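*Asks:* Model the following, please.
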Amino acid sequence: MTLEEAPVGLELVIDQIAAGEGATRRLLDLGVYPGVRVSVIASHPWRGPVVVRVGGTRVALGRGLARKILVRQIDNVS
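*Replies:* This is a model prediction of the structure:
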């Protein structure tokens, strides 16, 4: 699924970024890259940014960029 599609509250890991060089560099600068755990803390369908927590930081991403970030849910099995 893409980060844009992910429901609020899910713990995710970034699998792939399918963006151009400039956008990928910007994401790297924000700490968003493959292998990193993120959680969606705010997302409103069809408008506004997708807000994620990366480490201790909140990052707001435009929907177009969030659509290019492929994620998977983390299995929290004890």
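*Asks:* separation between R67 and M1?
*Replies:* According to C-beta to C-beta, to the nearest Å, R67 and M1 sit 11 Å apart. (Each C-beta comes from the backbone N, C-alpha and C, glycine too.)
*Asks:* For stretch 53-62, which outside residues touch it?
*Replies:* Residues outside stretch 53-62 that contact it (C-beta atoms under 8 Å, 6 or more residues apart in numbering): 3, 30-32, 36-39, 41, 49-52, 69.
*Asks:* Grab the CA positions of the helix of greatest length in the chain and hand them over as PDB.
*Replies:* Ranked by residue count and defined by DSSP state H, the top helix of the chain is helix 21-29. Provided in PDB are the C-alpha atoms of helix 21-29 (Å, rounded to 0.1, in the frame of the first residue of the first chain):
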ATOM      1  CA  GLU A  21      15.800  12.300  -7.400                       C
ATOM      2  CA  GLY A  22      14.900  15.700  -5.900                       C
ATOM      3  CA  ALA A  23      11.900  14.300  -4.000                       C
ATOM      4  CA  THR A  24      13.800  11.300  -2.700                       C
ATOM      5  CA  ARG A  25      16.600  13.600  -1.500                       C
ATOM      6  CA  ARG A  26      14.100  15.800   0.300                       C
ATOM      7  CA  LEU A  27      12.600  12.700   2.000                       C
ATOM      8  CA  LEU A  28      16.000  11.500   3.000                       C
ATOM      9  CA  ASP A  29      16.700  14.900   4.600                       C
END
